[in-house]
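Student: can't give you the sequence, but here's the structure:
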């Protein structure tokens, strides 16, 4: 499973350690604490789990996009620890957390469709 983040870059065959590393160093002010950081896990089936950080490891916006491009956004903002736990579960194939959240379907824009195709290796 591919992991992408502006805090550590892109990792093709990501591990839990890679995901943890992207969220670490919370005791001091560093790039992982800046608002607007992007985190994404791209599953082999084309599903994309993504999050954008708010400030000080809170106010993360979580979204999941299925292989057909249907994007669901979480209805609440999350803490970094919640997002980290979900990313690790998703990476390990556990998707039971999806039904525990409330989601809003959002139309996928042209840019999002293009990025999804590029990141999934299916750019046309």
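Tutor: Yep, it's here. Bear in mind the structure is a predicted one, so any value in this text is a computation, not a measurement. Numbers count the residues shown, from 1 in each chain.
Student: What segments of this structure are helices?
Tutor: Under the criterion DSSP state H, the chain contains helices at 16-23, 80-91, 110-119.
Student: and the shortest one, what other elements does it pack with?
Tutor: Which is helix 16-23. strand 2-5, strand 38-42, helix 80-91 (3 or more CB pairs under 8 Å, 6 or more residues apart in numbering; DSSP states H and E). In short, each C-beta sits where N, CA and C put it, glycine included.
Student: who does the residue most central in space within the chain bridge with?
Tutor: Centroid-nearest residue in the chain, with CA atoms, centre = their mean: residue 50, separated by 2.3 Å. With DSSP bridges as the criterion, residue 50 is bridged to residue 40, residue 63.
Student: Renumber starting at 176 from here on
Tutor: That works, and once the first residue is 176, the last one we named lands at residue 225.
Student: In contact with it, which residues are there?
Tutor: 213, 214, 215, 216, 237, 238, 239, 240 (CB atoms under 8 Å, 6 or more residues apart in numbering).
Student: let's go with 7 Å and repeat that
Tutor: 213, 214, 215, 238 (CB atoms under 7 Å, 6 or more residues apart in numbering).
Student: Which one (most neighbours) among these?
Tutor: residue 214 (25 neighbours; other CB atoms under 10 Å).
Student: correct me, but that one touches residue 177?
Tutor: No - if you go by CB atoms under 7 Å, residue 214 and residue 177 don't touch, sitting 11.9 Å apart.
Student: number of nearby residues for residue 239?
Tutor: Using other CB under 10 Å, residue 239 is surrounded by 22 other residues.
Student: for residue 244, that is, sorry about that
Tutor: Around residue 244 there are 14 residues (other CB under 10 Å).
Student: Excluding covalently adjacent residues, which one is nearest to residue 193?
Tutor: residue 186 (4.7 Å; CB to CB, 6 or more residues apart in numbering).
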